[in-house]
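S.K.: what's the 3D shape of this:
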Amino acid sequence: MKEVFILLGSNRGDRADFISKAIVMIGETVGSVVTRSSLYESDPWGFEDEIQFLNQVIVIDTTLAPEDLLEQLLTIETKLGRIRPFEGCGCSVSSSTMEIEGDGKHEKPIYSGRTIDLDILFYGQQLVFTDKLMIPHPRLHERRFVLVPLTEISPAFVHPLLKKTISALLRECRDLTKVTALTF
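M.R.: Sure thing, here's the model as predicted:
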């Protein structure tokens with residue numbers, strides 16, 4: 001069994017319901033859910049949108065290999081109405097999913113709203129770098145909406161590549177996006 005951290009996000013439709021349904025589907029097809037963070041609300045990261053995201057981090061135990069896990073998560077996203085402009089996790093985006101920034105020298109990925117987004121953050125301490133999958137998630141240390149819920153459930157977890165705890169990464173994060181815990 002591997003301990004896997006997964007980020008769930010939604011900013012379309014009934015956001016909390018999409019996250020809840022995804023967690024149930026993960027438990028049924030991927031592995032047992034060990035723990036989960038609170039739900040957090042934040043502004044979209046990397047694009048403009050009027051609708052805020054709900055995010056949550058869960059930890060699961062799974063016997064699936066990383067690539068098989070990704071395939072199952074992509075299937076869950078599709079069943080919940082997610083439309084991806086590209087295949088895979090989005091870690092290796094092609095030019096068809098990029099736009100050139102104003103200076104013509106830099107490319108940035110095109111992000112958009114979604115019913116559900118399931119990102120593998122960590123697969124134990126394993127490193128995975130393929131055309132379809134990068135673990136640890138390559139930008140998690142730059143995003144408060146990832147680090148805040150991660151810090152809630154596992155502040156002492158050490159990033160296998162950066163060799164820093166999650167709480168240290170949050171303290172060093174330059175992202176100033178507001179991330180608010182929701183209470184029901």
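
S.K.: hey, let's count contacts and neighbours off CA atoms from now on
M.R.: OK.

S.K.: Point out where this protein drops to low pLDDT.
M.R.: 45-49, 82, 84-113, 184 (pLDDT under 70).

S.K.: which residue ranges form the helices in it?
M.R.: 15-29, 66-79, 144-153, 166-172 (DSSP state H).

S.K.: Figure out which of those helices is closest to residue 134.
M.R.: helix 66-79 (9.6 Å; CA to CA).

S.K.: That closest one - contacts with which helices or strands?
M.R.: Counting contacts by 3 or more CA pairs under 8 Å, 6 or more residues apart in numbering; DSSP states H and E, helix 66-79 is packed against helix 15-29, strand 117-123.

S.K.: Return the residues in contact with residue 126.
M.R.: If a contact means CA atoms under 8 Å, 6 or more residues apart in numbering, then residue 126 has 135, 136, 160 as its contacts.

S.K.: Could you check how many residues crowd around the last one?
M.R.: The tally of other residues near residue 160 (other CA atoms under 10 Å) stands at 16.

S.K.: Number of residues surrounding the closest residue to it other than its chain neighbours?
M.R.: Closest residue in space to residue 160, ignoring its immediate chain neighbours: residue 125 at 5.4 Å, by CA to CA, 6 or more residues apart in numbering. Residue 125 sits with 16 neighbouring residues when counted by other CA under 10 Å.

S.K.: Counting neighbours, what do you get for the closest residue to residue 55 other than its chain neighbours?
M.R.: Nearest non-adjacent residue to residue 55, counting by CA to CA, 6+ apart: residue 9, 4.4 Å away. Residues near residue 9, counting by other CA under 10 Å, number 28.

S.K.: Same question for residue 68.
M.R.: 12.

S.K.: Likewise for residue 143?
M.R.: 17.

S.K.: Check the contact between it and residue 173; I expect there is one.
M.R.: Yes. Between residue 143 and residue 173 there is a contact at 7.2 Å, judged by CA atoms under 8 Å.

S.K.: what comes into contact with stretch 144-163?
M.R.: With CA under 8 Å, 6+ apart as the test, stretch 144-163 has contacts from 7, 35-42, 55-57, 125-127, 136, 140-141, 164-167, 169-170, 173, 175-179.

S.K.: returning to what we had before: the residue nearest to residue 55 and residue 58 touch, don't they?
M.R.: No. Residue 9 is beyond contact range of residue 58, at 11.3 Å (criterion: CA under 8 Å).
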